[in-house]
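A.B. asks: When you get a sec, could you give me coordinates for this:
(chains A and B)
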Amino acid sequence: SQQGEEDPQALSIQEGENATMNCSYKTSINNLQWYRQNSGRGLVHLILIRSNEREKHSGRLRVTLDTSKKSSSLLITASRAADTASYFCATDLTGGGNKLTFGTGTQLKVEL
Amino acid sequence: NAGVTQTPKFQVLKTGQSMTLQCAQDMNHNSMYWYRQDPGMGLRLIYYSASEGTTDKGEVPNGYNVSRLNKREFSLRLESAAPSQTSVYFCASSPFTAGVYTQYFGPGTRLTVL
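C.D. replies: Presented below is the predicted three-dimensional model:
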């Protein structure tokens, strides 16, 4: 079964709006990472949050982590058409070695 | 730097044929990975190599073999392709920086098995 489950599976918004996607996981983690995948391309790392952090910012991205609820959220503010992509959370599990476990992804569509 | 490169970009095989997917990285990363991506399934780890000379099974290793040829190259072999192996395959590499593994992905190989 998937370690990371993203919610929603798909999200459609207008340019300029904020987009929020969520990730839930099942076991203890060292850190959680978010990746973006444009159609037909490989994944690109966006942002990482460690297990002892609660919030992280990078440009228009804001990530939160609640280890008590085993969940994270990614907020993209003032979205642009170029943000249209799939977004995946990936967990670095405690004791999991140098592997990441990816969720099923959220497909974001930003319309003009 | 080219980053992570994969060849071929597209491939069509008949059931039972074999092939090797090639991956190379020029970032001097120790760890390398092979994933497959199927609709609605996210990325699933096939095999990984923590360092040159070592390989380990991931979540879905059956039907695949790997070779870590040197620090730069990590190949994935399908000995007898099956339609269930139709997928998009991604190679990734990772440094270990400040206690964290962040992965860098190649562009993918789209494989169809008829």
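
A.B. asks: quick one: contacts for the residue sitting furthest away from the middle of chain B?
C.D. replies: In chain B, counting by CA atoms, centre = their mean, residue B:98 sits farthest out from the average C-alpha position, at 24.9 Å. The contact partners of residue B:98, taken as CB atoms under 8 Å, 6 or more residues apart in numbering or on different chains, number zero. In short, each C-beta sits where N, CA and C put it, glycine included.

A.B. asks: where do the strands sit along chain B?
C.D. replies: Using DSSP state E, the strands of chain B run over residues B:4-7, B:10-13, B:19-25, B:31-38, B:42-49, B:56-57, B:64-68, B:74-78, B:87-94, B:96-97, B:100-101, B:104-105, B:109-113.

A.B. asks: okay, these in CSV with distance to chain A, mean pLDDT and mean neighbour count next?
C.D. replies: Converted to CSV, these look like this (distance: least, CB to the nearest CB, whole Å; pLDDT from 0 to 100; neighbours: other CB atoms under 10 Å in any protein chain shown):
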stretch, distance to chain A, mean pLDDT, mean neighbour count
strand B:4-7, 7, 98, 18
strand B:10-13, 11, 97, 14
strand B:19-25, 11, 98, 19
strand B:31-38, 5, 96, 24
strand B:42-49, 4, 94, 22
strand B:56-57, 8, 96, 14
strand B:64-68, 14, 97, 18
strand B:74-78, 14, 98, 20
strand B:87-94, 6, 97, 24
strand B:96-97, 7, 78, 12
strand B:100-101, 5, 83, 20
strand B:104-105, 3, 97, 20
strand B:109-113, 8, 97, 18
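
A.B. asks: And the strands in chain A?
C.D. replies: Under DSSP E, chain A gives strands at A:5-7, A:10-14, A:19-24, A:29-37, A:43-50, A:55-58, A:61-66, A:71-76, A:85-93, A:101-102, A:106-111.

A.B. asks: Excluding chain neighbours, what is closest to residue A:58?
C.D. replies: Spatial nearest neighbour of residue A:58, excluding adjacent residues (CB to CB, 6 or more residues apart in numbering or on different chains): residue A:47 at 4.9 Å.

A.B. asks: how about the nearest residue to residue B:7, chain neighbours excluded?
C.D. replies: Per CB to CB, 6+ apart, closest to residue B:7 is residue B:22, 4.7 Å.

A.B. asks: Would you mind listing what in chain A touches chain B?
C.D. replies: Applying CB under 8 Å from any CB of the partner chain, one finds that chain A approaches chain B through A:2, A:4, A:30-31, A:33, A:35, A:40-45, A:48, A:50, A:88, A:90, A:92, A:97-105.

A.B. asks: Low-confidence bits of chain A, can you list those?
C.D. replies: Within chain A, the stretches with pLDDT under 70 are A:1-3.

A.B. asks: For it, which residue gets nearest to chain B?
C.D. replies: residue A:42 (3.4 Å; CB to the nearest CB).

A.B. asks: if I look at the closest residue to residue A:70 other than its chain neighbours, how far off is residue B:25?
C.D. replies: Nearest residue to residue A:70, sequence neighbours excluded (CB to CB, 6+ apart): residue A:25, at 5.1 Å. Residue A:25 sits 28 Å away from residue B:25, going by CB to CB, to the nearest Å.
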